[in-house]
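Peer 1: Just a sequence and a predicted model for now, questions to come.
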2 protein chains.
Amino acid sequence: MPNIRSPDSTALDRGFHALADATRRGVIARLAQGEASVADLAAPYDMALPSFLQHVRVLEEAGLISTVKTGRVRTCRLEAERLAALNRWIAEYEAGWAARLDRLGDILDRKGDTQ
Amino acid sequence: MPNIRSPDSTALDRGFHALADATRRGVIARLAQGEASVADLAAPYDMALPSFLQHVRVLEEAGLISTVKTGRVRTCRLEAERLAALNRWIAEYEAGWAARLDRLGDILDRKGDTQ
DNA sequence: ACGAATGTTAGGCATATACCTAAGTAACTC
DNA sequence: GAGTTACTTAGGTATATGCCTAACATTCGT
């Protein structure tokens, strides 16, 4: 039986994985207010810079942020479109029309039992 | 300097982590069409059942699905509200008003260069 | 050119994740 | 009550993740 994995699954894998960490979500929240350097982004965290840089790379490889190095400063920017893509994946199932129909079915069944 | 992590971050951690895997996203997609047993859910995947069950547990601990055992069958259902909560987190930053302003700035700058 | 600022690379450690096989347990089915 | 079904538990391996320190590279200010 073939595996159901689709070829583009890694984009979602990386995207959601990138969001599954408070530090990285903090970076995104900060970048939503405008661009920032790595040092600026790292400042609130009690973490060695190399460790923090790893998080930045995870975000960049997920496409959630882009960075440019100018002189010795690397400036980071939020890539809202990629974030939107993740949101779209969720939205497709979040609507939950089927789930609601199931629940409606349950409710009707229960009504039938008691009346 | 204090760490910025908020106390409830584990809910988002677990939620997004749960979505960061194609098998688990497949389960969600399937459950969006209605309830299903573990065996039903596992059928499309070329994976030992214990391995698959781990994925189910990850989803359940993230609150993305709920399960009930009736007799020897465990039935799984999508918890759309939790999915919606993740979507809400993304939506807050996806809007990207700040990012758009930045880009608008870039565009205006470039216009200024060429005209 | 010298020192400080801003990353970056290299290497290492502890825990978590994703998979497996083998061996249960509990509940229908006959 | 014996077998089959549908999980479940136990235990093991390989890789990935998240953190660290130490040392290097580059650029900026004076």
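Peer 2: Cool, the structure landed.
Peer 1: pLDDT below threshold where in chain A?
Peer 2: Judged by pLDDT under 70, chain A has its weakly predicted residues at A:1-9, A:96-115.
Peer 1: okay, now the closest residue to DNA strand C within chain A: neighbour count?
Peer 2: At 3.0 Å from DNA strand C, residue A:39 is the closest residue in chain A, using Cβ to the nearest atom of the strand. The C-beta positions use only the backbone N, C-alpha and C, and glycine is treated the same way. Other residues near residue A:39 come to 12 when the count uses other Cβ atoms under 10 Å in any protein chain shown.
Peer 1: how about it, what does it touch?
Peer 2: A:49, A:73 (Cβ atoms under 8 Å, 6 or more residues apart in numbering or on different chains).
Peer 1: ok, is the strand or helix carrying it in contact with DNA strand D or not?
Peer 2: Using DSSP states H and E, the element containing residue A:39 is helix A:38-42. No. With Cβ under 7 Å from any atom of the strand as the criterion, DNA strand D is not reached by helix A:38-42; the gap is at least 10.0 Å.
Peer 1: can I get the CA coordinates of that helix in CSV?
Peer 2: Coordinates of the C-alpha atoms in helix A:38-42 are reproduced here as CSV (Å, rounded to 0.1, in the frame of the first residue of the first chain):
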residue,chain,number,x,y,z
VAL,A,38,19.7,39.4,14.7
ALA,A,39,21.1,41.1,17.8
ASP,A,40,17.9,43.1,18.2
LEU,A,41,15.8,39.9,17.9
ALA,A,42,18.0,38.0,20.3
